[in-house]
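**Q** Turn this into a structure:
(2 chains)
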Number of protein chains: 2
Amino acid sequence: MQKKATIEVSEGFPFYFPEITGVVTVEAKGQINICTVAMHSHVSFMPPMYAISLAKERYTLQMIKESGEFAFHFITGDHASRFREAGLYSGKDMNKFTTFHIPIVPGVATDAPILEEAFLSLECKVKNIVSVGDHEMVIGQVLYEHYDPTMYREDGALLRDHLNVAVHLGGLQFIRVGEEK
Amino acid sequence: MQKKATIEVSEGFPFYFPEITGVVTVEAKGQINICTVAMHSHVSFMPPMYAISLAKERYTLQMIKESGEFAFHFITGDHASRFREAGLYSGKDMNKFTTFHIPIVPGVATDAPILEEAFLSLECKVKNIVSVGDHEMVIGQVLYEHYDPTMYREDGALLRDHLNVAVHLGGLQFIRVGEEK
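**A** Below you'll find the model as predicted:
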C-alpha cells in the first residue's frame, strides 16, 4: 500500500465511503413521499431498530415527524439510478411514485408505502429523534419486514448468487456487487 | 420479482442486510483495542460526524467511554476475514494487534491507533452516546482523515477500478465488490 495521506477535516467529508444507498418512504396527512438516504444503519437487535439520518431541511423528515413512522428499503442495483433520480426532487411538489413509475403496496403496521421493487423493506415506528450536526437521526423500531424470498437463504443470509446491490462510490458513480470491473 | 413475503419481527432481524463491515480502534489507559462493527454510518456533513452502534457489553464500548475518542476504518476485502476473526476475541484478554499481525501508526488528534491496512480512517472525538435497545450508539465528530490516495479520485470519490471492498451477506459470507460471482 502506498503511503497514506492525512487531512484535517472540519467542513464536510472530503473523501467518500463506499456505501449501500437506502430508500425511505413515508405517509403523512394523506400524502406519500420517497427519498434515497445515504446515512443509515441497524442500531439494535433486540428490539430490532434501524436509524436513518436526514438533513434538517428535508421534506421527508418533516413528514416522518408528523406521522411517527417510516419504511426503509434495500433495492437492487437495477433500480438504484432511478431511485436516486427521484431523490433529487422534493415530494412537496410532485407525486414521485407516479412520476418515476415506482410501484407500491400498502404497509401492514404503518401507512408508509412498501416498494414492490425492494428486496427488503422494514416498517418502523419512530422511537427517538436525535439532532446531530446538520442532520437529524431518526431511530425507529422495526415491526414488520417484507422480503423477496428468492434473495435469501433459509437462515436469513443473502444468497450470494442472487445478490444484486449497487455500492455508491461518490458523485453519480455506483458499482454493482457481482458485476465485473 | 417473485411475490414478497411478510414477517412480524420482535426479537432481532431475521433477514440480513448487505453491509460494509467497519473496524473500530481505541486507546484507553495505555491499552489499545480493535473490533469490527456492522452498525455504522456517517450522520452529519457539517460538522462531519460518524456514528457506530456497539452492544452494551462490548469492551471496546467501555474503552471508548473512558477515552472519549475512537477511530473508524474502512478496510479492503483482502483484510476483511482477518479483521473479522480478530473481532471474535475480546481485547480484554489479548493484544489483538500483535496476535493478528495488524500494523498500526499513531493518530494525530487522538490516541486511537490508525490501521496501516485501512484505505480510509476517521479520527473521532465522542460528542454524544445514545442508548438504543441492546446497543449504545456512539456519535463522534471527525477531526482527521487518513486515506490511501491510490483509492481516490481528486474529487474525493472512490476509484471504481481500484475499489476492493467486502460486502457482508450474513453469517461468515462476504462478497467482494468487483469480484466475479
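**Q** per-residue pLDDT, the nearest residue to A:Met46 once chain neighbours are set aside?
**A** Take A:Met46 and drop its neighbours on the chain: the residue closest to it by Cβ to Cβ, 6 or more residues apart in numbering or on different chains is B:Asp134, 5.1 Å away. In this view, the C-beta of every residue, glycine as well, is placed from N, C-alpha and C. What the model reports as pLDDT for B:Asp134 is 96.
**Q** Flag the shaky bits of chain A, pLDDT-wise.
**A** Within chain A, the segments meeting pLDDT under 70 span A:1-2, A:178-181.
**Q** mind listing the strands for it?
**A** With DSSP state E as the definition, chain A shows strands at residue ranges A:5-8, A:19-20, A:22-28, A:31-37, A:40-44, A:49-55, A:69-75, A:104-105, A:114-115, A:118-132, A:135-147, A:166-170, A:173-176.
**Q** quick one: which of the ones you listed is nearest A:Leu159?
**A** Taking Cβ to Cβ as the measure, these were each checked against A:Leu159, and strand A:118-132 came out nearest at 10.3 Å.
**Q** what packs against the closest one?
**A** Contact here means 3 or more Cβ pairs under 8 Å, 6 or more residues apart in numbering or on different chains; DSSP states H and E; on that basis strand A:118-132 packs against strand A:49-55, helix A:59-67, strand A:69-75, strand A:114-115, strand A:135-147, strand B:118-132.
**Q** Can you give me the buried ones in the longest one?
**A** Read it as strand B:118-132. Neighbour counts using 16 or more other Cβ atoms under 10 Å in any protein chain shown place B:118-124, B:126-130, B:132 of strand B:118-132 among the buried residues.
**Q** ditto for stretch A:54-74
**A** Using 16+ other Cβ under 10 Å as the burial criterion, the residues of stretch A:54-74 that qualify are A:54, A:58-64, A:67-74.
**Q** out of the residues you listed, which touch chain B?
**A** When contact is defined as Cβ under 8 Å from any Cβ of the partner chain, the buried residues of stretch A:54-74 meet chain B at A:Phe74.
**Q** nearest residue to the residue nearest the centre of chain A other than its sequence neighbours?
**A** Nearest residue to the geometric centre of chain A (Cα atoms, centre = their mean): A:Gly22, 2.4 Å. Closest residue to A:Gly22 in three dimensions, ignoring its sequence neighbours and counting by Cβ to Cβ, 6+ apart: A:His40, at 4.5 Å.
**Q** and the one you found, how many neighbours does it have?
**A** Around A:His40 sit 26 other residues, with neighbours defined as other Cβ atoms under 10 Å in any protein chain shown.
**Q** isn't it right up against A:Phe70?
**A** No - checked against Cβ atoms under 8 Å, the pair A:His40 and A:Phe70 is beyond contact range at 11.0 Å.
**Q** Overlap of the contact sets of the two?
**A** Contact with both A:His40 and A:Phe70 is made by residues A:Ile52, according to Cβ atoms under 8 Å, 6 or more residues apart in numbering or on different chains.
**Q** ok, A:Gly91 to A:His168 distance?
**A** 21 Å (Cβ to Cβ, to the nearest Å).
**Q** Next: A:Tyr50.
**A** A:Tyr50 is 18 Å from A:His168, where distance means Cβ to Cβ.
**Q** Neighbour count: the two, which is higher?
**A** Taking other Cβ under 10 Å, A:Tyr50 and A:His168 do not tie; A:Tyr50 has more neighbours (24 against 21).
**Q** That one reaches A:Phe74, doesn't it?
**A** No - using Cβ under 8 Å as the test, A:Tyr50 is too far from A:Phe74 to be in contact (11.0 Å).
**Q** Run through the residues that contact the residue nearest to A:Gly22.
**A** Neighbouring residues of A:His40 by Cβ under 8 Å, 6+ apart: A:22, A:50-53, A:72, B:41.
**Q** Just put these in JSON lines and tack on distance to B:Ile104.
**A** What follows is those, written out as JSON lines (distance: Cβ to Cβ, whole Å):
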{"residue": "A:Gly22", "distance to B:Ile104": "32"}
{"residue": "A:Tyr50", "distance to B:Ile104": "32"}
{"residue": "A:Ala51", "distance to B:Ile104": "30"}
{"residue": "A:Ile52", "distance to B:Ile104": "33"}
{"residue": "A:Ser53", "distance to B:Ile104": "29"}
{"residue": "A:Phe72", "distance to B:Ile104": "35"}
{"residue": "B:Ser41", "distance to B:Ile104": "24"}
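**Q** Quick check: of those, which lies closest to B:Tyr16?
**A** For the contacts of A:His40, with B:Tyr16 as the reference and Cβ to Cβ as the criterion, the closest is A:Tyr50, at 13.1 Å.
**Q** show me the contacts for the closest one.
**A** Shown in contact with A:Tyr50 (Cβ under 8 Å, 6+ apart): A:40-43, A:72, A:122, A:124, A:139-140, A:142.
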